[in-house]
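[1] Model the structure of this input:
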Amino acid sequence: GGDDRDAALAAVLGATGADAGDALDALDAAGGSVDGAVAALLGTMHGGSGVSGEAGHGVEGGAGDAAGAGDRQALSPPLLDDAPIYIRAPALVAVGAWRLAWTVVGVSFSLLGSIVWPFLSAAGLAEWADPAAAAAEAAPRFIAEYADAYPDVARPEWLEMTFERATATAARQMKFLFVYLHTPSHEDTDSFVTEVLADPGVLAELSGDNFVPWGCDTSSVDGSRLVRALRRQKKPTVAIMLTLDSRAVLVGMSDARGGVEGLRAVMASAVADHSAELVAARHDASERDFARTLREEQDAALAASLRDDQEKAERRQREEAERRAEEERVAREEAEAQAALEAEKAAIAAEEAAVAAREAEVARRQEEKQGKLGDEPAPGTPGVAMVAVRFPDGGRRQRRFMAKDTVQRVYDFCDAEGMPFGKYTLVCSYPKKELGEDSLMLTLEDAGLSPKAMLMVRQDDE
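    Predicted coordinates:
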């Protein structure tokens, strides 16, 4: 049945790594026998020249060499450009039972590029004179022409980029790179596109977790290089590549002869044989991501801690500066208050001293004036004048004087009675007159103060 044929095809592909079309042909020739098909394919692949049939994978040595090739090797892509190209393909060695070994084959375009590109540029072929620009322009052109040619056909979501970038994308996503080499003029192309690439199972695989689809026209820069690197004719072909650590390794191919079954078997074989490598790569990437995230979190925590320490230090500095400023303000205010207090005390002391000096002066003057006054004339003595003086405190002082006494004697009386002013003038209200310095030597009689008079005190400016 169909399931048995698919299982047989998968077994042949897994054992030989042959092209799906070659595997189908070998199965048909062997009457469906897996062992017969494997033997036939191995005889073709290792028939002495070291170069397989149509697939054309160069192999160092024969089967004996393949047995020792346990460590698979591949140099880093980009698979194209002028660097050496290495494509890995499996080979089988029969020792008691089937064992799978791997060999590395390489095809370099360095010499080809150095010889061909100058001629193409000189011939005016701009597309080939600048292969990088041509490759960048080819991807969107292929997608557009593919959509225009098959508008009603389901199609993969092709990556719109160069082969080099597609390889990097698949490596970054840790998926197989599904490479489709499109040849519009080939007779098998339409059926391959509409029946194989549009198959729901194929499309489901391409939109799943294992494959990244990328296609190109075989006439483009990338397409022509891949055709030569894979030693293929220009016909619709699918190449499955494993991209790890910037390496592109061929792990399976299929063309129109294999049909849907052949392509799906190649895809299934690639996943079955190499998923462990992708899982390991994803695990490594997860660990790297975890380590990077951990470092970032630790760096962020350290940065936050440093910022916190810095903010605390700055806060302590601000608080210390504010504390010192407050202490200085308090000290300054206390000093100012103390100075004001001292000044007030000094002023009070000076005022008290002035008052005491004035009082002492008044007392001295009182005593001196009292001595100058002599005895007051007795009442009824002829020629007596009664003089009354109203003091500033409202009190009234009066004394009897002889009419022949001078006005100075009245001033002496006022001083002796404790006149508080140092400089003053006695004033007579009726008749109105002042008894100033020019009146001091007048007698009371001449001054009109006899036989009696009422005087008031007017304070003069000091």
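
[2] any idea how far V227 lies from E336?
    Distance of V227 to E336, given as C-beta to C-beta, to the nearest Å: 99 Å. (Glycine included, C-beta is placed from N, CA and C.)

[3] These two: who's more crowded?
    Taking neighbours as other C-beta atoms under 10 Å, V227 and E336 compare with V227 leading, 19 against 10.

[4] Would you map the strands across this structure?
    84-95, 97-108, 176-182, 211-217, 237-244, 247-255, 384-390, 396-402, 424-429, 432-435, 452-459 (DSSP state E).

[5] what are the pairing partners of the third one, and which direction each?
    What that stands for is strand 176-182. strand 211-217 (parallel), strand 237-244 (antiparallel) (DSSP bridges).

[6] Ok, the last one next?
    Strand 452-459 sits in its sheet next to strand 384-390 (parallel), strand 424-429 (antiparallel), going by DSSP bridges.

[7] Give me the contacts around the last one.
    Counting by C-beta atoms under 8 Å, 6 or more residues apart in numbering, strand 424-429 makes contact with 389, 407, 410-411, 414, 433-436, 448-449, 453-460, all of which sit outside it.

[8] same thing but at 7 Å, please
    389, 410-411, 434-436, 453-460 (C-beta atoms under 7 Å, 6 or more residues apart in numbering).

[9] That strand: which residues count as buried?
    When burial is assessed from 16 or more other C-beta atoms under 10 Å, strand 424-429 yields the following buried residues: 424-426, 428.

[10] can you list those in TSV and add distance to G201 and pLDDT?
    As requested, the buried residues of strand 424-429 are exported to TSV (distance: C-beta to C-beta, whole Å; pLDDT from 0 to 100):
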residue	distance to G201	pLDDT
Y424	134	90
T425	137	93
L426	141	94
C428	144	91
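
[11] Among the residues you listed, which one sits closest to V12?
    V12 has its nearest neighbour among the buried residues of strand 424-429 in Y424, at 146.3 Å by C-beta to C-beta.

[12] Against A276, how distant is D405?
    Counting by C-beta to C-beta, the gap from D405 to A276 is 146 Å.

[13] what about these two, which has more around it?
    Each of D405 and A276 has its neighbours counted (other C-beta under 10 Å); D405 has more, 24 against 9.

[14] returning to what we had before: okay, the strands of the chain in a markdown table with distance to K369 next?
    As requested, the strands of the chain are exported to a markdown table (distance: least, C-beta to C-beta, whole Å):
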| stretch | distance to K369 |
| --- | --- |
| strand 84-95 | 137 |
| strand 97-108 | 140 |
| strand 176-182 | 133 |
| strand 211-217 | 130 |
| strand 237-244 | 130 |
| strand 247-255 | 131 |
| strand 384-390 | 13 |
| strand 396-402 | 12 |
| strand 424-429 | 14 |
| strand 432-435 | 16 |
| strand 452-459 | 15 |
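
[15] pLDDT weak spots in this structure?
    1-3, 14-15, 17-18, 42-130, 245-246, 462 (pLDDT under 70).

[16] Spatially central residue in it, please.
    The chain has A300 as the residue nearest its centroid, 10.8 Å off, counting by C-alpha atoms, centre = their mean.

[17] ok, so of the contacts of strand 424-429, who is nearest R155?
    Nearest to R155 among the contacts of strand 424-429, with distances taken as C-beta to C-beta, is Q459, at 123.8 Å.

[18] ok, what's across the strand from the closest one?
    Under DSSP bridges, the beta-bridge partners of Q459 are Y424.

[19] ok, now how distant is it from E359?
    Distance from Q459 to E359, by C-beta to C-beta: 17 Å.

[20] Thank you kindly, that will do.
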